[in-house]
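J.: predicted model and sequence below, questions to follow.
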Amino acid sequence: MSTRQGSDEIQVTVYHQHLLRDHERLSAFYEAIASTARGLTYDLGAGSGILSFFASEYADHVIAIEKDPRIAACAGENLSDLENVTVVNEDALEYEFSEMADTIICEMLDTALIDEEQVPVLKRALRFLKEEGNVIPASVINAAEPVMIRGGSISYDENIRAPSAGPLQVYDRIDFRGRIPEKFRGILKLVASGSFNAIRITSFTVPAENIICGPTPMMNPPLLIPLGDTLEGGDFRVKLLYTMGGGLDSVKAELK
């Protein structure tokens with residue numbers, strides 16, 4: 001499938017067509033790339049190649065790595081006119097990095113980093129980042145709030161319909177340039193002003209310093225985690241556990 005912008009035809013899948021229409025996401029990442037990308041840049045999980053396209057203007061050489069052969073072929077076609085971009089059809093978890101990077105772009109994002117491979121991919125790739133190198137995005141911020149939901153299974157609240165029963169409170173921040181944990185284990189201390197039976201996790205992306213983004217239509221829809229019975233307002237604590245990159249089945253939450 002393709003979509004036309006001006007006189008150029010960009011090859012994309014239906015999913016990537018929706019990504020290209022998420023202007024808030026693209027604007028935030030373009031600003032981060034323009035201010036940060038330089039030298040040798042790896043774009044891990046490059047998709048249709050839009051972030052590699054942005055980086056090509058500022059980096060000396062961009063290596064765009066995409067494991068899906070069909071999507072990699074789209075990226076190759078989209079970026080074929082750029083002499084400083086190389087598209088590689090490989091899994092970023094298996095790619096043999098031959099040179100140390102000045103910049104790593106990795107936008108395999110998901111709410112709380114649970115259901116995508118951002119963490120395992122970056123933990124491996126950071127071994128090949130120069131000491132003074134940069135990562136885009138720079139970090140993510142996770143926050144939670146009590147909500148009332150229908151149904152008893154973990155799901156995404158894409159239209160943010162579940163009514164909030166208390167303030168949104170930050171419980172975790174992950175800096176992609178530092179030590180990245182594989183699991184989150186913690187006690188969330190939240191306050192409810194009304195009845196609730198679940199928590200909603202919202203993730204905000206920090207593409208670069210002084211830029212914060214999201215959630216957007218195609219990045220990090222809030223995640224609803226049921227707690228069981230309906231509870232009344234007040235202070236409460238939730239024991240929360242999940243594996244980053246481990247999928248929704250890794251999520252465990254219980255009231256303490």
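T.: Happy to help now that I have it. Residues are numbered from 1 along each chain as shown.
J.: packing partners for the longest strand belonging to the chain?
T.: Of all segments of type strand in the chain, defined using DSSP state E, the longest is strand 196-208. Using 3 or more C-beta pairs under 8 Å, 6 or more residues apart in numbering; DSSP states H and E as the contact test, the elements touching strand 196-208 are helix 23-36, strand 129-136, strand 139-147, strand 211-213, strand 223-231. All C-beta spots, glycine's among them, are computed from the backbone N, C-alpha and C.
J.: pLDDT of that strand, averaged?
T.: Mean pLDDT, strand 196-208: 97.
J.: same check, this time on stretch 105-113
T.: Mean per-residue pLDDT for stretch 105-113: 96.
J.: over to stretch 219-234?
T.: The average pLDDT within stretch 219-234 is 92.
J.: which one, of the helices and strands packed on strand 196-208, ends up nearest to residue 48?
T.: helix 23-36 (11.5 Å; C-beta to C-beta).
J.: so what does whatever helix or strand comes next after that closest one touch, helix or strand wise?
T.: Once helix 23-36 ends, the next helix or strand along the chain (criterion: DSSP states H and E) is strand 40-44. For strand 40-44, the contact count by 3+ C-beta pairs under 8 Å, 6+ apart identifies helix 50-56, strand 61-65, strand 101-106, helix 118-125 as packing neighbours.
J.: so what's residue 171 closest to, chain neighbours aside?
T.: Of all residues not flanking residue 171 in the chain, residue 188 sits nearest, at 5.2 Å (C-beta to C-beta, 6 or more residues apart in numbering).
J.: that neighbour belongs to a helix, doesn't it?
T.: No. Residue 188 is assigned strand when assessed by DSSP: H, G, I helix; E, B strand; the rest coil, not a helix.
J.: returning to that earlier point: give me the sheet partners of the longest strand of the chain and which way each runs.
T.: Here strand 196-208 is paired, per DSSP bridges, with strand 139-147 (antiparallel), strand 211-213 (antiparallel), strand 223-231 (antiparallel).
J.: and those, which is most packed in?
T.: Neighbour counts (mean count of other C-beta atoms under 10 Å) averaged over each of the strands paired with strand 196-208 peak at strand 139-147, with a mean of 22.
J.: kindly format the C-alpha coordinates of stretch 41-48 as PDB.
T.: Extracted C-alpha coordinates of stretch 41-48, given in PDB (Å, rounded to 0.1, in the frame of the first residue of the first chain):
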ATOM      1  CA  THR A  41      23.100   6.700  13.700                       C
ATOM      2  CA  TYR A  42      21.300   3.300  14.100                       C
ATOM      3  CA  ASP A  43      17.500   3.300  13.700                       C
ATOM      4  CA  LEU A  44      16.400   0.100  15.400                       C
ATOM      5  CA  GLY A  45      13.000  -1.100  14.300                       C
ATOM      6  CA  ALA A  46      12.900   1.400  11.500                       C
ATOM      7  CA  GLY A  47       9.500   0.600  10.100                       C
ATOM      8  CA  SER A  48       8.700   2.500   6.900                       C
END
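J.: now that stretch: how far from the chain's centre is it?
T.: Distance, stretch centre to chain centre, for stretch 41-48: 13 Å (C-alpha atoms, centre = their mean, to the nearest Å).
J.: give me the contact list for it.
T.: By C-beta atoms under 8 Å, 6 or more residues apart in numbering, the residues outside stretch 41-48 that reach it are 10-13, 16, 19-20, 49, 51-52, 55, 59, 61-67, 71-72, 74-75, 78, 87, 92, 97, 101-108, 117, 121-122, 125, 128.
J.: kindly report the same for stretch 235-242.
T.: By C-beta under 8 Å, 6+ apart, the residues outside stretch 235-242 that reach it are 112, 114, 144, 146, 171, 183-192, 199, 225, 227, 250-256.
J.: in it, what counts as buried?
T.: Using 16 or more other C-beta atoms under 10 Å as the burial criterion, the residues of stretch 235-242 that qualify are 236, 238, 240, 242.
J.: among those residues, find the lowest-pLDDT one for me.
T.: Scoring the buried residues of stretch 235-242 by pLDDT puts residue 236 last, at 94.
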